[in-house]
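Novice: generate coordinates for the sequence data below:
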Amino acid sequence: MKQIVYTLRVFPREDMADLEQLLKRIGENLKSGRIVASQTADFFFGMKVLLVNIEAPEVDGISDKIESEIKSTPGVSDMEILMVSRKIEVWREDG
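Specialist: Numbering: from 1, shown residues only. Purely as a prediction, here's the structure:
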């Protein structure tokens with residue numbers, strides 16, 4: 001089955017200062033995909049956000065499921081999908 005990768009911007013609630021803990025909660029709550037990469041980024045006025053790459057199967061309705069699972073995670077204020085792409089398998093012919 002083909003895989004897709006979502007790049008998301010996740011906004012923490014104001015009272016959520018520990019973004020590593022928030023990332024852990026998101027990973028535990030995420031059933032429709034898996035986190036493959038993440039980083040903390042500066043946003044406006046000193047606010048920090050999480051940039052998260054999530055790999056998921058390419059099936060109908062998966063975007064809605066991922067969005068619902070992340071938004072229902074305690075400590076998440078909101079999220080937005082920045083980019084969606086197919087996962088590219090890289091191989092070398094010489095092994």
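Novice: show me where this protein has its strands.
Specialist: With DSSP state E applied, the chain shows strands at 3-12, 34-42, 48-57, 76-86, listed in chain order.
Novice: in JSON lines: those, plus distance to residue 93.
Specialist: Bear in mind the C-beta positions are built from the backbone N, C-alpha and C, glycine included. Shown next, in JSON lines, are the strands of the chain (distance: least, CB to CB, whole Å):
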{"stretch": "strand 3-12", "distance to residue 93": "22"}
{"stretch": "strand 34-42", "distance to residue 93": "25"}
{"stretch": "strand 48-57", "distance to residue 93": "25"}
{"stretch": "strand 76-86", "distance to residue 93": "21"}
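Novice: which ones are touching residue 73?
Specialist: Residue 73 sits next to 22, 25, 26, 29 when contact means CB atoms under 8 Å, 6 or more residues apart in numbering.
Novice: now swap in residue 78 and tell me
Specialist: Residue 78 neighbours (CB under 8 Å, 6+ apart): 10, 11, 71.
Novice: emit the ChimeraX select command for whichever of these are buried.
Specialist: Here is the ChimeraX command that picks out the buried ones among the contacts of residue 78, judged by 16 or more other CB atoms under 10 Å:
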select :10,11
